[in-house]
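>>> quick one: sequence and predicted model below, then my questions.
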Amino acid sequence: MALFVEVAKAMSFRGAADATGIPNSTVSRRISGLEKAIGLRLLNRTTRKIELTEAGQLYYESCKRIVEEARLAHEQLGEMLAQPTGLLRASLPVDFATIFLVPLIVEFAGLYPGINFEFDVTPRKIDLVSERFDVAIRMGEPPDSNLIARKLANLPGKLYASPGYIERAGEPAHPSDLDQHECIGFPQSRLWTLHSDTETIEVAVGGRFVLNNVGMTRRLATLDMGVILVPEQIVAEDLASGRLCPLLPHWRGTPVSVYALTETRLLPAKTQRFIEFLRERLGQIG
């Protein structure tokens with residue numbers, strides 16, 4: 001239809017071809033296909049010129065309005081893509097969101113004032129389809145499911161303890177010394193794998209505190225209760241204030257992956273922008 005409008009404007013297949021960048025032979029073939037589909041001749045063709053038939057004139061008057069409205073609709077979508085609007089519903093991991101993501105979300109909200117936000121900050125497994133979430137941000141390897149997983153970053157873990165703990169227990173000189181320290185960890189990770197530029201070592205760690213909450217792990221460490229292995233971003237404020245200090249700075253833990261999970265690859269602009277923004281910011285870290 002849009003191609004027919006171009007032909008009618010130029011009264012020439014060549015002119016329409018030049019305007020659209022479509023080969024002349026293709027223009028002629030598509031208009032012939034359109035006439036066949038409609039069942040009426042739209043153009044009278046001679047070797048020197050083309051003219052609109054009566055049906056062609058009526059069709060052109062209707063089509064040019066439709067094509068113009070479609071062009072405006074595409075422009076509006078382009079504006080929405082550049083400055084998306086609407087409600088973004090996202091599920092976020094509790095500790096990573098409250099400790100680290102909040103400043104990034106504030107920055108994103110400033111860039112896109114037309115977007116409103118509804119966050120479900122929970123460790124539970126959500127159903128993106130039935131609960132109508134746009135995206136879920138998760139740490140660790142994504143589930144083996146029909147969801148689309150986009151990796152945002154790899155965040156390496158590092159070792160930290162409080163000045164009070166270091167004064168009481170001493171500072172490890174090598175990862176192997178950690179078996180003599182109070183190590184605060186998750187139930188499933190009592191074997192810490194640490195990497196340097198030249199070496200990888202596994203250390204069986206133990207301690208009085210085993211828990212599954214990063215925020216509480218961090219808080220216990222600031223209260224002199226032991227050594228933790230977490231991404232630097234989790235303890236940035238504690239490092240800046242001196243509540244925690246880095247240990248064995250040349251060693252790092254296996255990186256923790258951060259993923260954005262969506263139900264489909266075809267995403268609205270608001271969700272695309274949110275994922276792209278987090279990937280850019282988190283990617284600078286990993």
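Now that the structure is in, tell me what you want to look at.
>>> check which residues of stretch 139-157 are buried.
139, 142, 147, 148, 149, 150, 152, 153, 155, 156, 157 (16 or more other Cβ atoms under 10 Å). For every residue, glycine as well, the C-beta is placed using N, CA and C.
>>> just checking, which of these belong to strands?
Among the buried residues of stretch 139-157, the members found in strands (DSSP state E) are 139, 148, 149, 150, 152, 153, 155, 157.
>>> out of these, what pair is the most spread apart?
For these, with distances taken as Cβ to Cβ, the pair at the greatest spread is 148 and 157 (26.5 Å).
>>> model confidence over the helix or strand harbouring residue 106, on average?
Taking DSSP states H and E as the criterion, the element that holds residue 106 is helix 102-111. The pLDDT scores in helix 102-111 average 94.
>>> by contact count, what packs against it?
When contacts are defined as 3 or more Cβ pairs under 8 Å, 6 or more residues apart in numbering; DSSP states H and E, helix 102-111 packs onto strand 115-121, helix 269-283.
>>> how far off centre is the last one?
Between the centre of helix 269-283 and the centre of its chain there are 4 Å (Cα atoms, centre = their mean, to the nearest Å).
>>> that one - what's its average pLDDT?
Across helix 269-283, pLDDT averages out at 91.
>>> list the buried residues of that helix.
Along helix 269-283, these residues count as buried under the neighbour rule (16+ other Cβ under 10 Å): 269, 270, 271, 272, 273, 274, 275, 277, 278, 279, 281, 282.
>>> for the fourth one, what are its contacts?
Same thing as residue 272. With contact set as Cβ atoms under 8 Å, 6 or more residues apart in numbering, residue 272 has these partners: residue 84.
>>> one more: the third one?
Residues touching residue 271, when contacts are defined by Cβ under 8 Å, 6+ apart, comprise 88, 134, 135, 262.
>>> please, where are all the helices along the stretch 101-250 of the chain?
Listed in chain order, the helices of the stretch 101-250 of the chain (DSSP state H, counting those that start in this stretch) span 102-111, 163-169, 214-222, 236-241.
>>> what about the last one, average pLDDT?
In other words, helix 236-241. The pLDDT scores in helix 236-241 average 91.
>>> just the CA atoms of stretch 274-282, as CSV, please.
Extracted C-alpha coordinates of stretch 274-282, given in CSV (Å, rounded to 0.1, in the frame of the first residue of the first chain):
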residue,chain,number,x,y,z
PHE,A,274,16.1,-1.1,32.3
ILE,A,275,18.0,-4.2,31.3
GLU,A,276,20.4,-2.2,29.1
PHE,A,277,21.0,0.3,31.9
LEU,A,278,21.8,-2.4,34.5
ARG,A,279,24.0,-4.3,32.1
GLU,A,280,26.0,-1.1,31.4
ARG,A,281,26.4,-0.2,35.0
LEU,A,282,27.0,-3.6,36.4
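>>> can you list the low-confidence ranges for the stretch 1-150 of the chain?
Within the stretch 1-150 of the chain, the stretches with pLDDT under 70 are 75-76, 79-81, 129, 144.
>>> and residue 37, how far is that from residue 53?
Computed with Cβ to Cβ, to the nearest Å, the distance linking residue 37 and residue 53 is 16 Å.
>>> again, but for residue 231
Counting by Cβ to Cβ, the gap from residue 231 to residue 53 is 70 Å.
>>> check residue 203 too.
Note on residue 203: its distance to residue 53, by Cβ to Cβ, is 85 Å.
>>> of those two, which one has the most company?
Set side by side, residue 203 and residue 53 show more neighbours around residue 203, with 19 against 14, by other Cβ atoms under 10 Å.
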